[in-house]
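K.L.:
Sequence isn't available, so here's the structure alone:
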């Protein structure tokens, strides 16, 4: 039987077929799903900050799936794995993570993750993205573990260069450093800055590096020595307890030497441990990431979007900022990899190649991070490094300087 | 020269703080022959009790300090009742291993109950130091030094001059023999743990006054270890001398050698002294020498 169709109906069918064909690739794209393994510490030493940090990075993944991912036809699934901040736990979990998730990237937390996976990730060809600053001892070529921030020594050198500029004059800035042999990272922070001072005697003079315990008994006499040596700044990137002991030592001596802290022991944490932010009036925190201050910045606006639309339940502070910035540079690199290779068949290796292929602009990370240009020479960007400086004014954290250039610090 | 003398005085006072924490080791050892590896954790527990009563309950220091000491004593008693009382008559090694387990348990308990957050510890002693001309002496350390000396004199008298103290010494000699003589071994050991916990809480108040409190503060237990071994594990009076020697040497090393070498020899030096004394005189400066007749 021959069935005749009216020309109008035929046209409608053809249009429908064309529309269907056009939508088919979109439908196929929307089905692409990739997995991220999130290493977390909900029951170890960072249990108190983990929900906030995790909330920050997970809200970013939700936001990306709903916006950029939807357009590209990709969904990022993620799963938290409890590591207790323990390298042995990470190492024992890793084979299971790999077989269960087959992740295209790992979102790490700290040193134990690096220690456990630095030899395995190159073999498994899966990159790991961290949230913290980098370390001199991990400054190696062809890395698979990446930090959005340079080393702690880069960050302190950037801050001190800014401070010298604020002070004026040609004399080198006199600085004292607090360190501790309790952790290789704490020694590393001091060694890098010491080398920088040695190589740049016109810029910086290290009057003393004070080694102490992670919970010092008393630093009164050490702080008197620092004050007598004419130190103009005290660098404490170790932990909060050392900031508190140093501050008490300075107060006992009546010495008004500003302390520079990092993100993990910054103004909110140290202020809390001292009994109030007012105790740190005129002190600083400096790092290569947005300062979570009172001011209305693009970073804060993005945070507010995450709170309003993507269920972020975390206060506006440096830990949330770390989680959000980690999430943002991770999804941006994955997005670059999708744009370069297409949505199908994405691998960890492609994600790593995308990291080197194209800079991650500050606009892409909503001002949380400066523009990041990674190269195979280091696990962190070596050029265009910037730090932001926060301080306490009238008992509130405010932004003192943004986009401060970091000087060249050589490998140590 | 003034600064040099000041460093010696500060070092001596820090050494006396170590001696106070070490007193907890010695009191428990003298009553039970058990070396308590969880001494640092007792300091932390004491610290958290003081923090809780002062900062959380909002009690005044006059009320929170005695209450904290009572609560710390109860914690010490509970530890002894739950973990150690059943081991009386067993080998000392078993009891020592229990204290190693206790170290891990108490650390975990602190993390579970209070979390790892750094907390402000109440200001118990004035933050303003005592100025003597160009010298300055931290008030918490000065008060701590006085308390340590008073405690050492008092406890020496108790252990050497009172019946209860001498009974505890007999318990340390041999649990079975002490029991057969009608001495309550359980009571003596429980009392020692109560005393050890109270001394640790006083140590926490001196150590942490005006500073911050985390489980990291338990490291002071290890800092006190060389003082206890240097003095001899049975000697309370000897702790004063050992503490002063170790504190002064550590202070001078930290203030004069460390800046030259760019390292932390000051934190190692107490252990070097401890090893040296153990090689020369294994019982420590004032430890009991045991004579065994075959």
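P.N.:
It's in. All of these numbers come straight from a predicted model, not from anything done at the bench.
K.L.:
Please count neighbours and contacts with C-alpha atoms only from this point.
P.N.:
Fine.
K.L.:
Return the backbone torsion pair for residue A:205.
P.N.:
The phi and psi values for residue A:205, taken as degrees, to the nearest 10, are phi -130, psi 120.
K.L.:
what's around residue 232, how many residues?
P.N.:
Chain wasn't specified; assuming chain A. 20 (other CA atoms under 10 Å in any protein chain shown).
K.L.:
My question was about chain B, not that one.
P.N.:
26.
K.L.:
Repeat that for residue A:331.
P.N.:
Neighbours around residue A:331, by other CA under 10 Å: 24.
K.L.:
got a pLDDT number for the closest residue to chain A within chain B?
P.N.:
Nearest to chain A, among the residues of chain B, is residue B:120, at 4.3 Å (CA to the nearest CA). With respect to pLDDT, residue B:120 scores 92.
K.L.:
same question, residue B:294
P.N.:
62.
K.L.:
Then residue B:178?
P.N.:
With respect to pLDDT, residue B:178 scores 84.
K.L.:
Just list the residues touching it, thanks.
P.N.:
B:167, B:170-171, B:184-185 (CA atoms under 8 Å, 6 or more residues apart in numbering or on different chains).
K.L.:
ok, which residues in the stretch 51-200 of chain A are in contact with chain B?
P.N.:
A:180-181 (CA under 8 Å from any CA of the partner chain).
K.L.:
one more time with 7 Å
P.N.:
Contact residues, the stretch 51-200 of chain A versus chain B (CA under 7 Å from any CA of the partner chain): residue A:181.
K.L.:
Could you point out which residue ranges in the stretch 51-200 of chain A have low pLDDT?
P.N.:
Of all residues in the stretch 51-200 of chain A, none has pLDDT under 70.
K.L.:
Tell me which stretches of it form strands.
P.N.:
Assigned by DSSP state E, counting those that start in this stretch, the strands in the stretch 51-200 of chain A fall at A:74-82, A:105-107, A:128-129, A:145-146, A:173-179.
K.L.:
Look up how far residue A:259 lies from the closest residue to residue B:125 other than its chain neighbours.
P.N.:
Closest residue in space to residue B:125, ignoring its immediate chain neighbours: residue B:140 at 5.2 Å, by CA to CA, 6 or more residues apart in numbering or on different chains. Using CA to CA, to the nearest Å, we find residue B:140 at a distance of 23 Å from residue A:259.
K.L.:
who touches residue 277 in this structure?
P.N.:
Using chain A here. Residue A:277 makes contact with A:268, A:271, A:395, according to CA atoms under 7 Å, 6 or more residues apart in numbering or on different chains.
K.L.:
um, chain B though
P.N.:
B:230, B:284.
K.L.:
chain center to the helix or strand containing it, what's the gap?
P.N.:
In the assignment (DSSP states H and E), residue B:277 maps to helix B:269-280. Taking CA atoms, centre = their mean, to the nearest Å, one finds helix B:269-280 lying 19 Å from the centre of the chain it belongs to.
K.L.:
List the buried residues for it?
P.N.:
Using 16 or more other CA atoms under 10 Å in any protein chain shown as the test for burial, helix B:269-280 gives B:269-271, B:273-275, B:277-278.
K.L.:
burial measure for the residue of chain B closest to chain A, as a count.
P.N.:
When neighbours are counted by other CA under 10 Å, residue B:120 comes out with 24.
K.L.:
who's it bridged to?
P.N.:
Beta-bridge pairing of residue B:120 under DSSP bridges involves residue B:212.
K.L.:
Just to check, it is in contact with residue A:275?
P.N.:
Yes - Residue B:120 is in contact with residue A:275 according to CA atoms under 7 Å; the separation is 5.5 Å.
K.L.:
So the residue in the stretch 251-400 of chain A positioned nearest to chain B, which state does it fall into?
P.N.:
Nearest residue of the stretch 251-400 of chain A to chain B (CA to the nearest CA) works out as residue A:273 at 4.3 Å. Following DSSP: H, G, I helix; E, B strand; the rest coil, residue A:273 is assigned to helix.
K.L.:
any idea how far residue A:247 is from it?
P.N.:
Counting by CA to CA - residue A:273 and residue A:247 are separated by 11 Å.
K.L.:
next one: residue A:364
P.N.:
Computed as CA to CA, the residue A:364 to residue A:247 distance reads 38 Å.
K.L.:
can you check residue A:292 too?
P.N.:
Where residue A:247 is concerned, residue A:292 sits at a distance of 22 Å (CA to CA).
K.L.:
With residue B:92 instead?
P.N.:
For residue B:92, the distance to residue A:247 - CA to CA - is 44 Å.
K.L.:
Give me every residue in the stretch 1-150 of chain B that's in contact range of chain A.
P.N.:
Checking the stretch 1-150 of chain B against chain A by CA under 7 Å from any CA, the hits are B:115-120, B:127-129.
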